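J.: turn this into a model:
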Amino acid sequence: MSHEGIRFVPKQEQERTDQESQPLSRLAVKPEKVRVLMTEGKGLEIDWADGHKSAWSFAWLREACPCATCVEERKADGRKPGQPKPQPAQLLPVYTPPAKPASAHPVGRYAIQFNWLDGHSGGIYSWEYLRRVCQCPECAGAEAKCAEAKGEQKNA
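T.: Here you go, the predicted model:
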């Protein structure tokens with residue numbers, strides 16, 4: 001009997017997957033207004049149909065690229081979306097230009113895609129993905145509370 005393809009998932013990872021698979025309301029993933037602030041070099045802002053507002057910096061978005069290559073690289077490093085790559089120790093720091101897209105364009109009615117100045121353009125940022133990784137204080141606070149509750153459950 002072959003067990004290829006069977007993967008045992010730690011409980012924490014399964015709980016996170018379960019939370020990520022919870023459906024969002026239609027209004028929660030419908031953008032009313034999308035602003036790509038390229039001239040200012042700031043990032044992306046979205047006003048959602050349910051009244052919520054989200055904003056991400058370009059640096060965060062580049063590190064949260066949802067393409068398969070970037071997702072696998074983050075998993076291998078144990079990083080969350082938006083978390084920068086660990087930098088090797090160097091005698092002299094090497095300047096790296098800030099992440100900025102050369103262009104951005106809609107993908108159908110469900111996503112946005114950036115063509116980054118570093119040549120990367122594989123990531124399609126769906127509205128659902130962006131709403132799930134919202135960086136506003138309200139959502140960040142909810143994620144922290146959820147992590148706290150999971151820690152308490154684990155210690156109990």
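J.: helix/strand/coil for residue 61?
T.: Taken by DSSP: H, G, I helix; E, B strand; the rest coil, the conformation at residue 61 corresponds to helix.
J.: ok, it - contacts?
T.: 43-44, 82, 99, 114, 125 (CB atoms under 8 Å, 6 or more residues apart in numbering). Every C-beta, even on glycine, is put in place using the N, C-alpha and C of the backbone.
J.: most neighbours of all those, which one?
T.: When neighbours are counted by other CB atoms under 10 Å, residue 114 leads the contacts of residue 61 with 25 neighbours.
J.: and the gap between it and residue 26?
T.: Distance, residue 114 to residue 26, using CB to CB, to the nearest Å: 25 Å.
J.: before we move on, what about residue 79?
T.: Remark: distance between residue 79 and residue 26 (CB to CB) = 31 Å.
J.: which one of the two is surrounded by more residues?
T.: Neighbour count, other CB under 10 Å: between residue 79 and residue 26, residue 79 has more, with 16 against 9.
J.: please pull out the lowest mean pLDDT helix or strand from the chain.
T.: helix 11-20 (a mean of 50; mean pLDDT, DSSP states H and E).
J.: after that helix, which helix or strand is next?
T.: Downstream of helix 11-20, the next assigned helix or strand under DSSP states H and E is strand 31-36.
J.: that next one: which residues count as buried?
T.: Buried residues in strand 31-36, defined by neighbour count with 16 or more other CB atoms under 10 Å: 31, 36.
J.: need the contact partners of it.
T.: Here strand 31-36 has contacts from 44-49, 101, 104, 112, 127, using CB under 8 Å, 6+ apart.
J.: which pLDDT value goes with residue 109?
T.: pLDDT for residue 109: 94.
J.: make that residue 43, sorry
T.: On the pLDDT scale, residue 43 is placed at 96.
J.: look up how far residue 84 lies from the nearest residue to it once chain neighbours are set aside.
T.: The spatial neighbour of residue 43 that comes closest, neighbours along the chain excluded (CB to CB, 6 or more residues apart in numbering), is residue 57 at 4.2 Å. Distance of residue 57 to residue 84, given as CB to CB: 11 Å.
J.: kind regards, and thank you for your time.
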